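1. 3D model of this:
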Amino acid sequence: MTTTPLSTDVLVIGWGLAGLVAASEALDAGRRVILIDQEPRTNLGGQAWWSFGGLFFIDSPEQRRMGIRDSLALATQDWFGTAGFDRPEDDWPRRWAEAYLQFAAGEKRAWLRERGVGFFPVVGWAERGGYGALGPGNSVPRFHITWGTGPGIVAPFQAAVEQAERDGRVTILPRHRVTELTVTDGVVTGASGSVLASSAAERGVESSREVIGDFTITASATIVASGGIGGNHELVRAAWPDRLGTPPENMLTGVPAYVDGSMQSVSAAAGARLINGDRMWHYVEGIRNWDPVWPSHGIRILPGPSSLWLDATGRRLPVPLFPGFDTLGTLEHLRRNGHDHSWFVTSRQIVEKEFALSGSEQNPDLTGKDVGLLLRSRLAKGPTGPVQAFLDEGADFIVENDLDSLLEQMRRHDGGELLDVDHVRREIVARDLEMDNEFSKDAQIGMLRSMRGYRGDRLIRTATPHRLQDPAAGPMIAVKLHVLTRKSLGGITTDLDGRALDAEGSPIPGLYVAGEASGFGGGGVHGYRALEGTFLGGCLFSGRQAGRAAAR
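-> Modelled structure (predicted):
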């Protein structure tokens, strides 16, 4: 079956957050839009729908109310110290970083508030660094949780596109998989590909790739907003850099299977230049989802700073690789010992206060904007419902009343044969001895006590310091942690209008790129490392830039 060729002003490939923003901006400019995606319509909103909804702002009202002094200068220092730009091809990523920082310090929050997006009042402090002032990490809390999490940030842009659909100004086509960008006399004039069989798969569930026909769409401007490669482990391993050690044999997947990188080769065939493919962002606090949606579905623990972190052999991770401090530094350290997992040893009291789970579905209070549930789950005694479900059902959780029983169950667990149990015991006993005074030579304990000086951490994110073996804080808990794939930090090179650039650095007429496909702008706005809360913001900013430019 061949469908009737279609024509439009702007063709948007991919209906995640970046694609929805780009489409809504083009619609606001009066352009006709066709929005296509390879998945069934249940997946409108893409990866962003599944996210925790964290956003990076600079000197926001939420920060000021929490007593946080932030500035564009401090955030710029943090961003560039984290990114570590050092390649000739980092010219456009640097420019994107500067432009995004201006956006985050300027109109970003007001622009979202105009669309009805609200924010949780307590600002989180993710990716703390722990090195010098010029090193990686956030100097101050900047992680603003969207009220409504991922669905809350998607909602206004989805609503705008769906209203335009009812008005007849946009056509939304699910199950359309692009296999080629049409190039006519050096100009991208649309796309063609396969129509896939209709699917009743629920959101995030892997859908079939049965082809039932083909399609052709011509457009004055084409925007690629197709995401990264995190759902394709073969591509992740192929791009894995030596600096991060050996790629894991076993990984969990933090994004649906449709995040397959298919548009990278298609865009390259049309002349687009891909850069920084070796820069990537994966988590090391992944746990197997006891109720999976997609294959190898993993959930990330967003940890507070108190748990003891051990490698697969039971050796404590070095300073400053504490929970929540340096994601890629920890990944690099763990990969160099050649094992695919590590361990948290902690207590129920720490889990209750410090274990948040990433994802909209793991935070029903925030996602559902349920203030009553929020107060009961975050401030009352006991873990949140989703965390308790993992304690009860999760294959990676071990719960025991005393240290000897915990160590025995860890040893019996898959991978536990690698543990030096006697050394683990010494690490725990030594850590607990340091808790008898308000001062300590243990850097993690010192940082823990320092963090409680921030009201937001003391209120909802950091447990009162205590011995792991304290019966009043028990039972003791061990959590087996896995590498969890997530984001591509490299991508298609773009200028500040989102125009795709070729190998010579010239714009490819008619072709624009947004979101993760562009490394969130320029082919790698984050450099080697990212500051948490900047992925959704990158989709917003790059989608806005590309949508506005494509509509001119």
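2. just give me the neighbour total for Glu202.
-> A count of neighbours around Glu202, defined by other C-beta atoms under 10 Å, yields 11. Where you see a C-beta, it was placed from the backbone N, CA and C, and this is true even at glycine.
3. also Trp92?
-> 22.
4. hmm, it is touching Thr494, no?
-> Yes - counting by C-beta atoms under 8 Å, Trp92 touches Thr494, with 6.7 Å between them.
5. which residues do those two both contact?
-> 501, 522-523 (C-beta atoms under 8 Å, 6 or more residues apart in numbering).
6. doesn't Gly193 lie inside a strand?
-> Yes - counting by DSSP: H, G, I helix; E, B strand; the rest coil, Gly193 is located in a strand.
7. distance of it from Gly491?
-> 20 Å (C-beta to C-beta, to the nearest Å).
8. ditto for Gly132
-> Between Gly132 and Gly491 the computed distance is 30 Å (C-beta to C-beta).
9. with neighbour numbers in mind, choose between those two.
-> Per other C-beta under 10 Å, whichever of Gly132 and Gly491 has more neighbours is Gly491, with 35 against 9.
10. picking up where we left off before, out of the shared contacts of Trp92 and Thr494, which are buried?
-> 501, 522-523 (16 or more other C-beta atoms under 10 Å).
11. which of those residues fall in strands?
-> Cross-referencing those against strands under DSSP state E gives Leu501.
12. and of the buried ones among the shared contacts of Trp92 and Thr494, the nearest to Ala160?
-> Among those, Gly522 lies closest to Ala160 (C-beta to C-beta), at 26.0 Å.
13. residue contacts, the closest one?
-> Shown in contact with Gly522 (C-beta under 8 Å, 6+ apart): 92-97, 493-496.
14. quick one: low-confidence residue ranges for the stretch 351-500 of the chain.
-> By pLDDT under 70, the stretch 351-500 of the chain contains no weakly predicted segment.
15. can you give me the helices for it?
-> Using DSSP state H, counting those that start in this stretch, the helices assigned to the stretch 351-500 of the chain run over residues 364-367, 371-378, 385-393, 403-412, 421-433, 443-451, 455-456.
16. kindly report the same for the stretch 1-150 of the chain.
-> 17-28, 61-65, 72-83, 91-105, 108-114, 149-166.
17. which among the ones you listed is found nearest to Arg425?
-> Going by C-beta to C-beta, the one of the helices of the stretch 1-150 of the chain nearest Arg425 is helix 72-83, 36.3 Å.
18. so what does the closest one touch, helix or strand wise?
-> helix 91-105 (3 or more C-beta pairs under 8 Å, 6 or more residues apart in numbering; DSSP states H and E).
19. chain center to the helix it packs on: distance?
-> In terms of C-alpha atoms, centre = their mean, to the nearest Å, the centre of helix 91-105 is found 19 Å from the chain centre.
20. what's the answer for stretch 376-394, then?
-> Using C-alpha atoms, centre = their mean, the offset of stretch 376-394 from its chain centre is 22 Å.
21. with stretch 44-60 instead?
-> Centroid displacement of stretch 44-60 relative to its chain, using C-alpha atoms, centre = their mean, is 8 Å.
22. now swap in stretch 310-325 and tell me
-> The mean C-alpha position of stretch 310-325 is separated from the chain mean by 22 Å, C-alpha atoms, centre = their mean.
23. tell me which residues of it come out buried.
-> 310-312, 314-317, 320-325.
24. now stretch 129-140
-> Under 16+ other C-beta under 10 Å, the buried positions of stretch 129-140 are 129-130, 136-140.
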